[in-house]
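Participant: My questions concern the predicted model and sequence given below.
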Protein chains: 2
Amino acid sequence: MSYLEIAEIDVVPGQESLFIQAVAEAIPLFKRAKGCLSLELRDTHEVPSRFRLMVEWETLEDHTVGFRESDDYVAWRALASKYFANVPRVEHAAQVLKGF
Amino acid sequence: MSYLEIAEIDVVPGQESLFIQAVAEAIPLFKRAKGCLSLELRDTHEVPSRFRLMVEWETLEDHTVGFRESDDYVAWRALASKYFANVPRVEHAAQVLKGF
């Protein structure tokens, strides 16, 4: 069972395009991380400055230990965190039902 | 561009299994809704009573008008809302980057 990391990130209003560009630049850091299966970035219809970075990991520890203790995590934060309006809320969601 | 409805639902602690069963029973209501492309339910590692119902819609209005004004929406709420600990937070997320 994989885990979907959902990082809810409120960006400083007006810096949305810069943030998207930073995430685009960071894609290789995630792509080469052990156990990282997919990555997408979504915006929010109701709150234009809110994004969700959704990253699928083979195991929880691939994210919370393997990635977060790597130099690539430091590089990711250096790219993107300057656009964060506050501390992102990060949770890990596992599928309990697949409807269709 | 499709929209992913993310409904963050905190369930009354202890009623998680009943809630999952209610969502399972509601799957046909979503499956036959116009523009409803997929449905999954995810739980939350950090908060055991928190779920995310993630439903993909062809257009925003397929959810906010078509489904929400239907009898099937009333049936869905009758099945599941008795397990809600509070009002779910519902947002619509559109993909801005597909990393891999």
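Facilitator: Structure received. These figures come from a predicted structure and were not determined experimentally.

Participant: how about the residues of chain A that lie near chain B?
Facilitator: Applying C-beta under 8 Å from any C-beta of the partner chain, we find that chain A lies next to chain B at A:3-4, A:6, A:20, A:23-24, A:27, A:30-31, A:38-47, A:50-52, A:60, A:91-100. Quick note: C-beta positions are derived from backbone N, CA and C, even for glycine.

Participant: These, buried ones only, as a ChimeraX selection?
Facilitator: Selecting only the buried entries of those in ChimeraX, with 16 or more other C-beta atoms under 10 Å in any protein chain shown as the criterion:
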select /A:3,4,6,20,23,27,30,39,40,41,42,43,44,50,51,52,60,91,92,93,96,97,99
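
Participant: Tell me which of the residues of chain A next to chain B fall in helices.
Facilitator: Secondary structure defined by DSSP state H assigns A:Ile20, A:Val23, A:Ala24, A:Ile27, A:Phe30, A:Lys31, A:Leu60 of the residues of chain A next to chain B to helices.

Participant: looking at the sheet around the nearest residue to the second one once chain neighbours are set aside, what are its partners?
Facilitator: What that stands for is A:Val23. Leaving aside its sequence neighbours, A:Val23 sits nearest to A:Leu41 (C-beta to C-beta, 6 or more residues apart in numbering or on different chains; 5.1 Å). Counting by DSSP bridges, A:Leu41 forms beta bridges with A:Leu53, B:Leu97.
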